[in-house]
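Enquirer: sharing a model that was predicted from the sequence below.
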Amino acid sequence: MCGLSTVANDQQERRRATIQCEKHLLWAAGLFPFFDLTTTPPNPMDGHFRPILFSVPPHNPAVPSTTWYVPKSRSHRRLGRSLYRLGRILMRGTWNAELHGPLADAQAEGASARRPDAHFYKNRNSGMCDAMTDCTDYLVRNNIRTLLFTGVNIDQCVMGTLQDASFKGLDCVLLKDGCATNSPDFARLNAEQNTMRGLGFLSTCKDLAEAAAQFEGAS
């Protein structure tokens with residue numbers, strides 16, 4: 001997520017706040033501390049490893065409404081379970097839960113920025129549900145009212161957090177080309193549709209970059 005502060009009172013300040021947003025990122029990582037394994041409800045524990053809704057054919061009474069696909073490699077997985085030399089699944093502090101190289105470099109750079117990035121852990125799909133208050137508290141303290149969303153998976157963690165942010169009264173912008181998912185394409189389209197039809201606004205990273213360049217040139 002990228003946060004925009006609303007403390008600016010004039011157009012010039014709003015332009016500067018918009019341009020600075022790329023240096024003020026909110027990282028939400030879905031990783032569990034070990035003690036959570038004893039208190040986490042069943043759904044977050046194994047929900048990501050259940051059967052995948054692989055395809056939905058056109059409506060036809062003669063055709064089954066859904067097709068299920070269960071990869072064999074997923075059937076035994078659960079949060080916290082050991083993958084032997086690969087480590088435990090989605091556990092905070094383990095080497096296999098570290099950020100991918102380029103993202104790790106970007107996070108390190110952001111930590112030393114004039115307005116440092118903020119990093120939050122979550123153990124639900126949403127990073128802003130009632131059980132996850134750190135991110136919400138941070139936004140309130142810093143008077144941030146507008147959020148730009150990117151990440152994976154668009155139909156799960158991204159959408160879960162966006163929905164809760166919208167329900168809390170924040171302005172939400174989903175940058176669709178900054179999101180991805182391993183779900184079927186209809187899941188992505190559904191997330192974009194629901195965002196556009198009531199939860200917030202739909203845009204792209206390209207449009208954001210072009211708008212920021214125009215503001216920067218005008219300033």
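Expert: Nice, thanks for sending it over.

Enquirer: how near is Ala106 to Asp185?
Expert: With the distance defined as CB to CB, to the nearest Å, Ala106 ends up 27 Å from Asp185. The C-beta positions use only the backbone N, C-alpha and C, and glycine is treated the same way.

Enquirer: who has more neighbours out of these two?
Expert: Ala106 (15 against 9; other CB atoms under 10 Å).

Enquirer: hmm, who's touching whichever strand or helix holds the more buried one?
Expert: Per DSSP states H and E, Ala106 falls inside helix 101-111. Counting contacts by CB atoms under 8 Å, 6 or more residues apart in numbering, the residues outside helix 101-111 that touch it are 23, 25, 27, 98-99, 116-117, 119.

Enquirer: what two of the residues you listed are the furthest from one another?
Expert: In the contacts of helix 101-111, two members sit farther apart than any others by CB to CB. They are Lys23 and Glu98, at 22.5 Å.

Enquirer: so where's the chain shaky on pLDDT?
Expert: 2-24, 30-86, 218-219 (pLDDT under 70).

Enquirer: now the strands for it?
Expert: With DSSP state E, the ranges of strands along the chain come out as 2-5, 26-30, 52-55, 67-69, 118-122, 144-152, 171-180, 201-203.

Enquirer: quick one: list the elements packing against the last one.
Expert: What it means is strand 201-203. On a contact count with 3 or more CB pairs under 8 Å, 6 or more residues apart in numbering; DSSP states H and E, strand 201-203 meets strand 171-180.

Enquirer: can you put the strands of the chain in a markdown table and add distance to Phe215 and mean neighbour count?
Expert: Below are those laid out as a markdown table (distance: least, CB to CB, whole Å; neighbours: other CB atoms under 10 Å):
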| stretch | distance to Phe215 | mean neighbour count |
| --- | --- | --- |
| strand 2-5 | 12 | 20 |
| strand 26-30 | 21 | 20 |
| strand 52-55 | 42 | 14 |
| strand 67-69 | 46 | 12 |
| strand 118-122 | 23 | 19 |
| strand 144-152 | 14 | 21 |
| strand 171-180 | 15 | 19 |
| strand 201-203 | 15 | 16 |
